[in-house]
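K.L.:
Based on what follows, work out the 3D shape:
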Amino acid sequence: GITTESEYIGNFYQGGVIIYVNISTGNGLVCAVSDQSTGIFWNNGSYISTGAINTAIGAGQANTTTIITVQGPGTYAALACDNLSTNGYSDWFLPSKDELNLIYQNRSIINSTSIANGGSSLSNVYWSSSETHSNLSWMQGFVTGGSAMANKDTNYRIRAIRAF
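P.N.:
Numbers count the residues shown, from 1 in each chain. Modelled structure (predicted):
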């Protein structure tokens with residue numbers, strides 16, 4: 001029969017929980033089984049425009065690389081995801097706005113798989129890697145599901161993803 005993407009969503013694969021699969025290519029995305037921070041700034045202490053404005057599925061890695069190139073060392077969302085090494089993989093990144101929304105849409109099955117693999121449930125508010133302004137970036141609430149622009153110096157959670 002025809003294989004659908006939904007058959008794979010929520011399965012544990014290559015270090016995380018599948019949030020997206022392109023059936024024609026076999027490529028996809030997984031999210032980590034636990035949060036990398038329960039409260040971290042998007043920025044590195046100052047309001048600068050990084051140019052990481054892409055919101056699309058597939059944009060998170062490029063956004064993360066751009067943010068780190070512009071902001072440099074420190075303690076902030078994109079770098080914390082980039083520094084993650086877990087379950088045998090070290091190529092994690094901060095999801096784009098649309099990638100983060102995939103996590104939200106599939107949160108119930110992601111939570112079940114995460115907990116079964118020693119992780120934790122998604123909760124509260126998460127940063128995306130998608131910037132909107134020198135002061136603002138996209139976040140998503142995991143209670144109501146709403147996305148909004150928020151000040152980069154707000155403490156929100158992060159959940160890293162990686163491509164396969």
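
K.L.:
So N101 lies in a helix, does it not?
P.N.:
Yes - under DSSP: H, G, I helix; E, B strand; the rest coil, N101 falls within a helix.

K.L.:
State the distance from I103 to V70.
P.N.:
Here the criterion is Cβ to Cβ, to the nearest Å. By it, I103 lies 25 Å from V70. C-beta: built from backbone N, CA, C; applies to glycine.

K.L.:
where's the residue nearest the centre of the chain, which helix or strand?
P.N.:
Most central in the chain under Cα atoms, centre = their mean is P95, positioned 3.0 Å from the mean C-alpha point. In the assignment (DSSP states H and E), P95 maps to no helix and no strand.

K.L.:
tell me the contacts of it?
P.N.:
Each residue near P95 by Cβ atoms under 8 Å, 6 or more residues apart in numbering is listed here: 29, 31, 60, 102-103, 128-129, 159-161.

K.L.:
Neighbour-wise, which one of those leads?
P.N.:
S129 (33 neighbours; other Cβ atoms under 10 Å).

K.L.:
pLDDT on the host helix or strand of that one, on average?
P.N.:
Element membership for S129 (DSSP H and E) is strand 125-131. Mean per-residue pLDDT for strand 125-131: 98.

K.L.:
The next helix or strand along the chain from that strand pairs with which strands?
P.N.:
For strand 125-131, the succeeding helix or strand toward the C-terminus, using DSSP H and E, is strand 136-141. With DSSP bridges as the test, strand 136-141 is paired with strand 125-131 (antiparallel), strand 147-151 (antiparallel).

K.L.:
Of those strands, flag the one that's most buried.
P.N.:
strand 125-131 (a mean of 26; mean count of other Cβ atoms under 10 Å).

K.L.:
just the angle between the helix ranked longest in the chain and strand 125-131, please?
P.N.:
For the chain, the helix with the greatest residue count under DSSP state H is helix 60-71. Angle, helix 60-71 to strand 125-131, by axes from the mean of the first three to the mean of the last three Cα atoms, to 10 degrees: 80 degrees.
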